[in-house]
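In: My questions are about this predicted structure, shown below with the sequence.
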Amino acid sequence: MSEDGEKRIRPDVSVVIVSYNTRDALRECLTSVYVHTQGVGFEVIVSDNASADGSARMVKAEFPQTSVIENRRNLGFAGGCRPAIEASSGRYVLLLNPDSVLAEDAIGKTVEFADLHPRAAVTGCRVQGEDGGVQRSCFRVP
């Protein structure tokens, strides 16, 4: 129950984006999240690492449904993820870089895959470059 007595539905996924002076890329990223995510409940949390370019202000003005955490200094990627993950309420957490642009229903397909593989601790998406070619996002440790 929420403070106002309404029953809240837990989102399927919390989308966590760490931003540091990425206003324009972040705008494109958020637009793609809201346009291309269907069929799953989700929340978006932007953790802004003390950007000087108005990133946090832009998110609040253009994407009011997005939660914004304004860090007092640049905490780096991992440090920026922490407060957002702590604030998240989704069954899953998606760490998304601010220069990412989602393809149609990428989040929904990933949640479906994760639901079908409950023993998996981590699930990743296929990453494509601007030319459409697959970009490797994981590597073998020598």
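Out: Right, received. Where do you want to start? Numbers count the residues shown, from 1 in each chain.

In: from here on, contacts and neighbour counts on C-alpha atoms
Out: Fine.

In: what are the ranges of the helices in this protein?
Out: 23-36, 55-62, 76-87, 106-116 (DSSP state H).

In: which of these sits most buried?
Out: Neighbour counts averaged per stretch over the helices of the chain are highest for helix 23-36, at a mean of 18; criterion: mean count of other C-alpha atoms under 10 Å.

In: Next, count neighbours for residue 118.
Out: 9 (other C-alpha atoms under 10 Å).

In: Repeat that for residue 122.
Out: Applying other C-alpha under 10 Å, I find that residue 122 has 11 neighbouring residues.

In: For the chain, give me the ranges with low pLDDT.
Out: 1-7, 126-129, 135, 137-140, 142 (pLDDT under 70).

In: what's the closest non-adjacent residue to residue 55?
Out: Spatial nearest neighbour of residue 55, excluding adjacent residues (C-alpha to C-alpha, 6 or more residues apart in numbering): residue 23 at 4.4 Å.

In: Equivalent analysis for residue 110, please.
Out: Nearest to residue 110 is residue 125, by C-alpha to C-alpha, 6+ apart, at 6.9 Å.
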